[in-house]
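>>> Using only what follows, build the 3D model:
(one chain, ligands or ions: 3)
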Amino acid sequence: MLCSEPDTIPDMMKALVKRNENQGFDYASVPVPEPRDDEVLIKVDAVAICGSDINLYRWNDLARVIATIPFTPGHECAGTVVKCGPDANLPVGTKVAVENHFYCGNCFQCKHDAKEICTNMGQFGHGRQTPYGGCSQFTIVPAKYLYVMKHNLSPQQTAVLEPLGVAHNAIEKLNVSGEDVLVIGCGAVGLFAQSVAKAMGANNVIATDIDDHRLNLAEKMGADVIINCKDENLKQAISKRTDGTGMGRICECSGASVMVNSCFSLLRKGGRLTLVGLPREPLHVENVLQDIVFKALTLKTVHGRRIFHTWEEAEKLVADGKVNMDHIISHVYGMSDFENAYSMLISGKGCKIIIDPWK
Ligand SMILES: NC(=O)c1ccc[n+]([C@@H]2O[C@H](COP(=O)([O-])OP(=O)(O)OC[C@H]3O[C@@H](n4cnc5c(N)ncnc54)[C@H](O)[C@@H]3O)[C@@H](O)[C@H]2O)c1
Ligand SMILES: [Zn+2]
Ligand SMILES: [Zn+2]
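Ligands and ions are numbered 1, 2, ... in the order given. Below you'll find the model as predicted:
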């Protein structure tokens, strides 16, 4: 069904495009695409950039693994429906967020309620089965990958639901109610994990990082205890806090290999661990028997969000005021100023950086 078309869709638009292996993106004028089949044309209201986008910007070895040129970047995207292809029927004006894991619907996982880990997954903003991304005034997304907003969140909050969802998925797998939780890494995902843990009834949330600025944010996001693991021996600090028993719940959100390797040794027997961060080196655990097997621990890992269960829960947490995004959204840049946005992201001085494609 064709939804009614507004009279304001221009022929040309501005978009960031990765066309070659050079550093950076082109700030280009490109045609506004036409939605076909079940595709939806959305006007992008805000797009957030995240650490993984630095790889795409620089085009390093990891970028070659996670993305395919050419593409428009921006996988954390909020928008408004402006036009539907013949097989899509979302009303014009609907506020949406993009689930960037483009699942196939036919593989084993897709048929067993685990679409987020689809075998044949495409990825929006990474040139995987779609050239489109959110760093664009308009973009194209098949209707089944659009999350229709139920509450009145701002475009910036809507864009940042994606990393909040990663944190929610990770914490939900830990059963944190009544437990003390250690969150390693206080980037956007770790900070959200701390708030979500509190919202899900965790007892004390302990946050650790090597950056004091990030640890200050952790206090604002609800962490009860902060530990700078550059200045303090984390294992000793945890041992002291737990009378030598170890942590019952750990959520690893730094992706630093040294932390991923050592977090097993911080767990108590029977403890639960979720790995979220992406280490660049092979896993190396020194005492496999003592730190893993004899602990009878539960290891969970996450990739993305449960579709769309996580989105509903994460949106509700923001709408109910249980997760405050204000401390995490640190900067807003116009898309024409994207180079400064990336410099700020790379400097590590910001946290979540939003790009407005209309400026
Ligand atoms: N599994 C998934 O689905 C998924 C989704 C999104 C992001 N990620 C990954 O999760 C991680 C967190 O994402 P983010 O956007 O918050 O990243 P980020 O880079 O903003 O945050 C990482 C944090 O870890 C801290 N850190 C670095 N080295 C450390 C160390 N040795 N000890 C303690 N803290 C250390 C940094 O100071 C920073 O605050 C990244 O590795 C990212 O690639 C995974
Ligand atoms: Zn991201
Ligand atoms: Zn699939």
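
>>> Next up, phi/psi of the residue in the stretch 251-359 of the chain that ligand 3 sits nearest to, please.
Residue of the stretch 251-359 of the chain nearest ligand 3, by Cβ to the ion: I307 (10.8 Å). All C-beta spots, glycine's among them, are computed from the backbone N, C-alpha and C. Reported as degrees, to the nearest 10, the phi and psi values for I307 are phi -100, psi 120.

>>> For the spatially closest residue to it that is not a sequence neighbour, give me its contacts.
Nearest-residue entry for I307: K115, 4.7 Å, with adjacent residues in sequence omitted and distances by Cβ to Cβ, 6 or more residues apart in numbering. Counting by Cβ atoms under 8 Å, 6 or more residues apart in numbering, K115 makes contact with 101, 103, 105, 109, 307.

>>> Tell me which strands the top strand by length along the chain pairs with, and in which orientation.
Secondary structure assigned by DSSP state E gives strand 39-49 as the longest strand of the chain. Taking DSSP bridges as the criterion, strand 39-49 forms sheet pairs with strand 76-84 (antiparallel), strand 138-142 (antiparallel), strand 352-356 (antiparallel).

>>> Using PDB, write out every CA atom in the last one.
The C-alpha atoms that make up strand 352-356 are tabulated as PDB, following Å, rounded to 0.1, in the frame of the first residue of the first chain:
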ATOM      1  CA  LYS A 352      27.800  10.200  22.700                       C
ATOM      2  CA  ILE A 353      28.000  12.600  19.700                       C
ATOM      3  CA  ILE A 354      25.000  13.400  17.700                       C
ATOM      4  CA  ILE A 355      25.000  14.600  14.000                       C
ATOM      5  CA  ASP A 356      22.200  16.800  12.700                       C
END
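
>>> Could you tell me how many residues sit around whatever residue of the chain ends up closest to ligand 1?
Closest contact between the chain and ligand 1, by Cβ to the nearest ligand atom, is at G187 (2.0 Å). Around G187 there are 23 other residues, counting by other Cβ atoms under 10 Å.

>>> picking up where we left off before, so which of the contacts of K115 is the most crowded?
Neighbour-wise, the contacts of K115 (other Cβ under 10 Å) top out at Y103, 22 neighbours.

>>> quick one, phi/psi of that residue?
phi -80, psi 160.

>>> How about the longest strand of the chain and ligand 1, any contact?
No: Strand 39-49 lies out of reach of ligand 1 by Cβ under 6 Å from any ligand atom, never closer than 9.8 Å.

>>> so how far is that strand off the chain centroid?
16 Å (Cα atoms, centre = their mean, to the nearest Å).

>>> Sort out which residues of the helix or strand following that strand are buried, please.
Using DSSP states H and E, the helix or strand that follows strand 39-49 towards the C-terminus is helix 51-58. By 16 or more other Cβ atoms under 10 Å, the buried positions in helix 51-58 come out as 51-53, 55-58.

>>> the inter-axis angle of helix 51-58 versus strand 76-84?
80 degrees (axes from the mean of the first three to the mean of the last three Cα atoms, to 10 degrees).

>>> which helices and strands sit right next to helix 51-58?
helix 61-66, helix 338-347 (3 or more Cβ pairs under 8 Å, 6 or more residues apart in numbering; DSSP states H and E).

>>> what's the shortest one in contact with?
Applying Cβ under 8 Å, 6+ apart, the external contacts of helix 61-66 come out as 52, 55-56, 123, 126, 280.

>>> Those: which two are farthest apart?
The most widely separated members of the contacts of helix 61-66, counting by Cβ to Cβ, are Q123 and R280 (19.0 Å).

>>> okay, the two: which has more neighbours?
Q123 (19 against 9).

>>> Would you mind measuring from that one to ligand 3?
The gap separating Q123 from ligand 3 is 13 Å, by Cβ to the ion, to the nearest Å.

>>> okay, and for the chain, where does confidence drop off?
1-7 (pLDDT under 70).

>>> from the chain's centre, how far out does the longest helix seen in it sit?
When the chain is parsed with DSSP state H, its longest helix is helix 155-172. The chain centroid and the centroid of helix 155-172 are separated by 6 Å, computed with Cα atoms, centre = their mean.

>>> please begin residue numbering at 41 from this point
All right, first residue 41 from here; so that's helix 195-212.

>>> Tell me which residues are up against the helix or strand just after it.
Downstream of helix 195-212, the first helix or strand assigned by DSSP H and E is strand 221-224. Applying Cβ under 8 Å, 6+ apart, the contact partners of strand 221-224 are 211, 214, 230, 233-234, 237, 242-249, 258, 263, 278, 287-294, 299, 303, 306, 317.

>>> need the next SSE after strand 221-224, C-terminal direction.
Scanning forward in sequence from strand 221-224 by DSSP H and E, the next helix or strand is helix 228-239.

>>> ok so, going back, can I get the strands paired with strand 79-89 in CSV including distance to ligand 3 and mean neighbour count?
Formatted as CSV, the strands paired with strand 79-89 follow (distance: least, Cβ to the ion, whole Å; neighbours: other Cβ atoms under 10 Å):
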stretch, distance to ligand 3, mean neighbour count
strand 116-124, 21, 25
strand 178-182, 14, 24
strand 392-396, 29, 24
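
>>> can you list the ones you listed in TSV and add distance to K270?
Compiled in TSV, these are given as follows (distance: least, Cβ to Cβ, whole Å):
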stretch	distance to K270
strand 116-124	29
strand 178-182	40
strand 392-396	23
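
>>> For the stretch 91-240 of the chain, what lies in contact range of ligand 3?
143-144, 147, 150, 158 (Cβ under 5 Å from the ion).

>>> Identify the residues contacting the closest residue to T120 other than its chain neighbours.
Nearest non-adjacent residue to T120, counting by Cβ to Cβ, 6+ apart: K83, 4.9 Å away. K83 sits next to 119-120, 122, 177-178 when contact means Cβ under 8 Å, 6+ apart.
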